[in-house]
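K.L.:
heads up, no residue letters with this:
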């Protein structure tokens, strides 16, 4: 699965109507579980996350270890908590990169619509979209070494065109609106108009898309660290936990089951939250609702 | 068919089968291994998988290794060594032919050795031939090799897969269609899946029991487990996931052969990088490591502890594990003595095998317990070669040194350990020039002690060779004196 | 139309040139020497140098780039450093796995997604819709490699119905080949199906609000009849576009699934070549994939422009 194809598909996904509060609340609740777990892990985990106890390895869930132990006898609950931190940090920063670079590019392209700058930016976007995202992410980490930082960059790059395109599309229609014309007549520069009038009006869209990209980032981080290109040990990461669990599956299925469920619930929570937010914030959907 | 009738029919069939055991006797085998050879020229690449498929099966050298690591005659039936140890006169076996039908003669031997040591040779073990001065084909069955200086290891060197005899006629296509003198001829290579061999009818030696053999390449440990369990393969050489071995051992359909390899698995240490250049610091690291925990945690118990860079099954081995017994308190004391009471931070760069990745995490935790922080980086082999091996840009690493009798690498100050001890270098020079067995053993033991006393590297364990096979398969090598899956003695139990 | 085509054609050429340069640069700065990799830790520097010369790695980079691009233009993708066979041959061999796998996955996901999407659209807002949408949410959230591991745990290790990986080759017969591709195709198809079902549903819902659908209803067709006769056909256009693009991505996007099942496909080839620093294989395969996507995009644009003249003026 490539990042880009999900981006494409995710966009039109929720344009239908659905009961608003439920998906938002379920999503918020699910995401909150992992955010809280990640935050808590800074202060406390049931066991030290690198505490090995080899004789007690591969134990199924018990009172002492609610989620069991891994192949080094480490407490899986503690690892999931710290792993949440890794996943969230990587995905969040990747979205940050995408927004920080994509939004200004999109604004600039819209401001110079039809011009050379617009053409260059949009062609460059198409080009990035044409690259198989995962393969390039693997290449980047292979070239610059496997680390959380490089995973962030690799995922972040593919977020840039998503935000650039979204921003440009929304900004284009805004440029035709009267209040923008008024601002132009008042002699404001294109850059100022973009910053003062366009950006606040596309913010809602960006928040919704940001949530979706965030969940895609979690999936991408899991994939990259599964193939060994994400955060390096001893920093726990869900993807690497899965990779290490692969040969243990026949001995102790829980070591493969639990990190996978953590990913599923986090992504599910974020997606539901994104849908809910879209319903709440997207004026088009709101209008259709009322 | 009614029930009783069916039963009679079935027992009649069983009886018939029992009367003709020859029918049931299988004469083919499918052996799986994890890595696929990149090409099929053992004299032009370091990949162990090339030798695993071809050594002793398709290609042979002047001498060869047995399962126990002994060097015995192969294509050379006998040899004479001159008094000064400089001239080796080999008498070749009679009636040896290559698989294309041409005779193997002294000219082929000369061609092979000269090719391996040539200026533009791409032989991965070129140092094996370093001592050779000239090679002459005296007559079709006699080869005289003159050395520039005496080399106590020469016959041993000639047994390596990198020193096998090839023919000039078939050298052009050797990478895809290898032609050797062994008991099996190359049949087909389906890239990404398997290599097929068939029995060579005109083999000079005893004909093998097998008529055909297939080497299958399964890199994924889970797939290896399931292919073995499903019976798709008959044996898996060097089974990649030690955690699954107890399940095979418990299953009467399978046997697990546990032997040893030539792989000394060590915590490679950059002896030129502060603070690791300090012997006290290296000694502290040695005492901080709990090898048994590493063997248990990374290899699920498979592996023999070592205290120096030498294979425990070798007669000259000295057990020095006590010199680096697990003692975290002593380690902390030593660190304080060395001027690092609060420890320090270094890098730990790990290549792909699971012994390195898992062992690295365990050792990092053990070092952390005495105050040494490590930054772990997982590398691909190509990156590891570049960063650690060539550029020496590392503090610690974990690697299994699988070449047999490779203690000589400690005499190379530019080797990636960067261990520079003139005393050791002199000892190795002396060793190379010595041919007397007793004297050699003594020198080898001195060498083992010397590097253990200097705590050059952290010595962890000898990599175990674990082969899983169907219960009635006989004659597979348990040990791996070199990377080889010798099929000459393999057969099915009756 | 001709001017538009010409303009897009130039842009296509520029895109391909830029893509090839980017790929070459990224791959070539990767640390690691293929020759050193092949000869291992005991090799002497001169042997490595000899091999570098033999592989043609000692010529300047810019010349290698030109040779590579020039070769590709004439259909010559070069020769792999490690395997010493032509890259074109290797790609052809790997496509025998990747192509059927992508096709199976696509067929499977379409077969699941169409009925689910149509059903959900027809029952919009009711329990059936909610159930399908909930299932698709879950489908999107499941990482396919984890799903694959769970399939292996259930169907190969516990039940023993399928192998856990590997590919016997088509010469072993159609059935063993398909059997080996079953679990990977399912693992790939499920998240795809979830995405596709959602697109199908929303596209249908959008179309049902269009005037011609109202007209159809006014003509006396039931909601269901209108949906089938007019809705589905019109909703197919965006769905097919997505399928077309997904297919190109599936060829390479299966990289992790191929890793899980040890399938000798294109994705795995890239992975292996990256770790062996078989640069030319990495470059050529990635270029091929990018080429496929760019060309598909180009054709889609042209097709749309041919249908809808308004699109020729870029907005």
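P.N.:
Yep, that arrived. This structure is a prediction, so every number in the text was calculated from the model and none was measured. Numbers count the residues shown, from 1 in each chain, chains lettered A, B, ... in the order given.
K.L.:
now the residue nearest to residue A:76 when sequence neighbours are not counted, what's its secondary structure?
P.N.:
Among residues not flanking residue A:76 along the chain, residue A:67 sits closest, at 4.0 Å (CB to CB, 6 or more residues apart in numbering or on different chains). All C-beta spots, glycine's among them, are computed from the backbone N, C-alpha and C. In three-state terms, and counting by DSSP: H, G, I helix; E, B strand; the rest coil, residue A:67 is coil.
K.L.:
verify the contact between residue A:67 and residue A:83 for me.
P.N.:
No: applying CB atoms under 8 Å, one finds residue A:67 not in contact with residue A:83, separated by 11.4 Å.
K.L.:
between these two, who's got more neighbours?
P.N.:
residue A:83 (29 against 23; other CB atoms under 10 Å in any protein chain shown).
K.L.:
host element of the more buried one?
P.N.:
Secondary structure from DSSP states H and E places residue A:83 in helix A:76-111.
K.L.:
now the closest residue to residue B:342 other than its chain neighbours: phi and psi?
P.N.:
Ranked by CB to CB, 6+ apart and with sequence neighbours excluded, the top spatial neighbour of residue B:342 is residue B:371, at 6.1 Å. Dihedral pair for residue B:371: phi 110, psi 0, per degrees, to the nearest 10.
K.L.:
what's the neighbour count on residue B:371?
P.N.:
Should you count by other CB under 10 Å, residue B:371 turns out to have 19 residues around it.
K.L.:
need the pLDDT of it.
P.N.:
Among the per-residue scores, residue B:371 holds a pLDDT of 93.
K.L.:
same check on the one 3 residues further on?
P.N.:
As predicted, residue B:374 sits at a pLDDT of 94.
K.L.:
which residues does it contact?
P.N.:
Residues counted as contacts of residue B:374 (CB atoms under 8 Å, 6 or more residues apart in numbering or on different chains) are B:345-348, B:363-364, B:367-368, B:395-396.
K.L.:
quick one: it and chain C, what's the gap?
P.N.:
Residue B:374 sits at a distance of 21 Å from chain C (criterion: CB to the nearest CB, to the nearest Å).
K.L.:
so how far is stretch A:258-268 off the chain centroid?
P.N.:
14 Å (CA atoms, centre = their mean, to the nearest Å).
K.L.:
next one: stretch B:171-180
P.N.:
That offset, for stretch B:171-180, works out to 23 Å (CA atoms, centre = their mean).
K.L.:
what are the buried residues along stretch C:221-229?
P.N.:
Buried residues in stretch C:221-229, defined by neighbour count with 16 or more other CB atoms under 10 Å in any protein chain shown: C:221, C:226-227.
K.L.:
run a quick neighbour tally on the nearest residue to residue B:223 once chain neighbours are set aside.
P.N.:
Once flanking residues are discounted, residue B:223 sits nearest to residue C:165: 3.0 Å by CB to CB, 6+ apart. Number of residues near residue C:165 (other CB under 10 Å) recorded here: 27.
K.L.:
was I right to think residue C:165 contacts residue C:263?
P.N.:
Yes: using CB under 8 Å, residue C:165 is in contact with residue C:263, at 7.2 Å.
K.L.:
about what we covered before: in contact with the residue nearest to residue B:223, which residues?
P.N.:
Contacts of residue C:165 (CB under 8 Å, 6+ apart): B:218, B:220, B:222-223, B:226-227, C:152, C:260-263.
K.L.:
and with 7 Å instead?
P.N.:
B:220, B:222-223, C:261-262 (CB atoms under 7 Å, 6 or more residues apart in numbering or on different chains).
K.L.:
tell me which of these is nearest to chain A?
P.N.:
residue B:222 (5.5 Å; CB to the nearest CB).
K.L.:
surely that closest one and residue A:245 touch.
P.N.:
No: with contacts defined as CB atoms under 7 Å, residue B:222 does not count as touching residue A:245, sitting 10.3 Å away.
K.L.:
quick one: pLDDT of residue 29?
P.N.:
All of this is about chain A. With respect to pLDDT, residue A:29 has a value of 93.
K.L.:
please go with chain C instead
P.N.:
76.
K.L.:
what sits closest to it if chain neighbours are left out?
P.N.:
residue A:143 (6.0 Å).
K.L.:
do residue C:182 as well
P.N.:
Distances taken as CB to CB, 6+ apart put residue C:162 closest to residue C:182, at 6.0 Å, once the chain neighbours are dropped.
K.L.:
pretty sure the one you found sits in a strand.
P.N.:
No: applying three-state DSSP, one finds residue C:162 to be coil, outside a strand.
K.L.:
which of the contacts of residue C:165 fall within strands?
P.N.:
Among these, no member is found in strands (DSSP state E).
K.L.:
neighbour-wise, which one of these leads?
P.N.:
Going by other CB under 10 Å, residue C:261 tops the contacts of residue C:165 with 31 neighbours.
K.L.:
can you pull the phi and psi angles for the nearest residue to it once chain neighbours are set aside?
P.N.:
Leaving aside its chain neighbours, residue C:261 sits nearest to residue C:165 (4.2 Å; criterion: CB to CB, 6+ apart). The phi/psi pair for residue C:165 (degrees, to the nearest 10) reads phi 160, psi 180.
K.L.:
go on, residue B:304?
P.N.:
phi -110, psi 130.
K.L.:
tabulate the buried residues of stretch C:221-229 (CSV), appending distance to chain A, pLDDT and secondary structure.
P.N.:
Shown next, in CSV, are the buried residues of stretch C:221-229 (distance: CB to the nearest CB, whole Å; pLDDT from 0 to 100; DSSP: H, G, I helix; E, B strand; the rest coil):
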residue, distance to chain A, pLDDT, secondary structure
C:221, 22, 75, coil
C:226, 18, 74, helix
C:227, 15, 73, helix
